[in-house]
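Participant: build the 3D model from these lines:
(2 chains)
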2 protein chains.
Amino acid sequence: MADAVLFEFLHTEMVAELWAQDPDPDPGPGVSAGPGGGGGGGWGGQKMSLSVLEGMGFRVGQAMAERLPRETLAFREELDVLKFLCKDLWVAVFQKQMDSLRTNHQGTYVLQDNSFPLLIRMSSGLQYLEEAPKFLAFTCGILRGALSTLGIKSLVTASVAALPACKFQVVIQRC
Amino acid sequence: MADAVLFEFLHTEMVAELWAQDPDPDPGPGVSAGPGGGGGGGWGGQKMSLSVLEGMGFRVGQAMAERLPRETLAFREELDVLKFLCKDLWVAVFQKQMDSLRTNHQGTYVLQDNSFPLLIRMSSGLQYLEEAPKFLAFTCGILRGALSTLGIKSLVTASVAALPACKFQVVIQRC
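Facilitator: Predicted structure coming up:
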């Protein structure tokens, strides 16, 4: 039980720490770390933080998938792998299953979580919607990392329309 | 089950990321992030990373302790609080109890874990001993944060003599 909140707390701290550092190499004139609203300066640093978070998630996803029982790794139909992420991986990370999985049967999958745990604490108001991406980057990485271990190259992005629901779009890279 | 490794993997990534950034404000000439052996430049940055990790642990420890059942928080004898950390908090974080707790009855406590989970993966050789502190800072923070929520100010340090065993020394601040 407590483990789940431990992960959530640690994830929150990690996001906060990376944002506090805001490692923008070229912040431009007059840019501060203060509450200056969306857009504006510091965006380069924020993009870098998102990329760092995604990379950390990728390696954690790889490691998680490597620990899966071998028999699970045996069935390698692409759709089966995605179903497996929605069920077993999601339970391992978030103690719940993904709510829906859709595909266009051409290598694009949309995974929807109607109550994504890492967004629940901030779901009380629309004003937080613009903060959402930084709470999704790590998890995009986890999905991409797990797929990588299972032999599938992908691009994973996330979007939020109404907190705390969110969608992860997985596009398989065939080349 | 998987949650425990999730925390470990995330912790490992967090340590690696903070070390990669090595935010030394004054690294001096000729200092690089390359494998230049221990000591030398970048030490200021490493101390800062340790402090960042400890701070993150502190806030996670506070949050963990806030979620504890009220009846647990009722008995506030100092030694009982320490016993509680060794048992309930350690199980919540590491799925095991602390191995021993000693005190001089003057506000200093030594908590020993003979097989500390965050050191186990690196416990195969003495050459890693100097790397150990960065895997202990977050946990020192967790202990200090949980104690803080329980109304006790403290200083917490850690030491390693033989991997993967380690000792956490808690010194209560009376002032």
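Participant: what about A:R174, neighbour count?
Facilitator: 8 (other Cβ atoms under 10 Å in any protein chain shown). Yep, even glycine has a C-beta here, placed from its N, CA and C like the rest.
Participant: tell me the secondary structure for it?
Facilitator: coil (DSSP: H, G, I helix; E, B strand; the rest coil).
Participant: go on, A:A158?
Facilitator: Of the three states, A:A158 takes strand under three-state DSSP.
Participant: also A:D88?
Facilitator: Using three-state DSSP, the structure places A:D88 in helix.
Participant: look at it and report its pLDDT.
Facilitator: Here the pLDDT value assigned to A:D88 is 89.
Participant: again with A:A158
Facilitator: Looking at A:A158, its pLDDT reads 96.
Participant: repeat for the one 3 residues further on
Facilitator: A:A161 is assigned a predicted lDDT (pLDDT) of 80.
Participant: double-check that it belongs to a strand.
Facilitator: No. With three-state DSSP as the criterion, A:A161 is assigned coil and is not in a strand.
Participant: so what's the residue count around it?
Facilitator: A:A161 sits with 9 neighbouring residues when counted by other Cβ under 10 Å.
Participant: so it versus chain B, what's the distance?
Facilitator: Distance, A:A161 to chain B, using Cβ to the nearest Cβ, to the nearest Å: 27 Å.
Participant: which residues does A:I172 contact?
Facilitator: By Cβ atoms under 8 Å, 6 or more residues apart in numbering or on different chains, the contact set of A:I172 is A:E78, A:G107, A:T108, A:Y109, A:I152, A:K153, A:S154.
Participant: out of those, which are inside strands?
Facilitator: Counting by DSSP state E, those place A:T108, A:Y109, A:S154 in strands.
Participant: top of those by neighbour count?
Facilitator: A:Y109 leads the ones in strands among the contacts of A:I172 on contacts (other Cβ under 10 Å) with 24 neighbours.
Participant: doesn't A:R102 make contact with that residue?
Facilitator: Yes. Proximity of A:Y109 to A:R102 meets the contact threshold set by Cβ atoms under 8 Å, at 7.0 Å.
Participant: burial of the nearest residue to A:L136 once chain neighbours are set aside, as a residue count?
Facilitator: Excluding the flanking residues, the one nearest A:L136 by Cβ to Cβ, 6 or more residues apart in numbering or on different chains is A:A158, at 3.9 Å. Using other Cβ under 10 Å, the number of residues around A:A158 comes to 19.
Participant: for A:C86, which non-adjacent residue is closest in space?
Facilitator: The nearest residue in space to A:C86 (Cβ to Cβ, 6+ apart) is A:M98, at 3.7 Å.
Participant: what's near enough to touch that neighbour?
Facilitator: Residues in contact with A:M98 (Cβ under 8 Å, 6+ apart) are A:L85, A:C86, A:K87, A:W90, A:L111, A:Q112, A:D113.
Participant: let me have the residues you listed in TSV, adding neighbour count and distance to A:L68 as columns.
Facilitator: Formatted as TSV, those follow (neighbours: other Cβ atoms under 10 Å in any protein chain shown; distance: Cβ to Cβ, whole Å):
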residue	neighbour count	distance to A:L68
A:L85	25	11
A:C86	21	14
A:K87	13	12
A:W90	21	13
A:L111	22	18
A:Q112	16	23
A:D113	23	20
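Participant: grab the most central residue of chain A for me.
Facilitator: Centroid-nearest residue in chain A: A:T139, 2.2 Å away (criterion: Cα atoms, centre = their mean).
Participant: which residues does the longest helix along chain A contact?
Facilitator: Taking DSSP state H as the assignment, the helix of chain A that covers the most residues is helix A:43-66. Here helix A:43-66 makes contact (Cβ under 8 Å, 6+ apart) with A:14-15, A:18-19, A:21-27, A:89, A:92-93, A:133-134, A:137-150, B:2, B:5-6, B:9-10, B:13-14, B:17.
Participant: on that earlier part again, need the max-distance pair from the contacts of A:M98.
Facilitator: Taking Cβ to Cβ, the two most distant members of the contacts of A:M98 are A:K87 and A:Q112; they sit 13.9 Å apart.
Participant: that older thread, quick one, which of the contacts of helix A:43-66 are buried?
Facilitator: Buried members of those, scored by 16 or more other Cβ atoms under 10 Å in any protein chain shown, are A:14-15, A:18-19, A:21-22, A:24, A:27, A:89, A:92-93, A:133-134, A:137-150, B:2, B:5-6, B:9-10, B:13-14, B:17.
Participant: out of those residues, which sit inside helices?
Facilitator: Among the buried ones among the contacts of helix A:43-66, DSSP H puts A:14-15, A:18-19, A:21, A:92-93, A:137-149, B:2, B:5-6, B:9-10, B:13-14, B:17 in helices.
Participant: so what's the residue count around A:G57?
Facilitator: 27.
Participant: got it, and A:K47?
Facilitator: Neighbour tally, A:K47, other Cβ under 10 Å: 12.
Participant: what does the one 4 residues further on give?
Facilitator: Around A:S51 sit 12 other residues, with neighbours defined as other Cβ under 10 Å.
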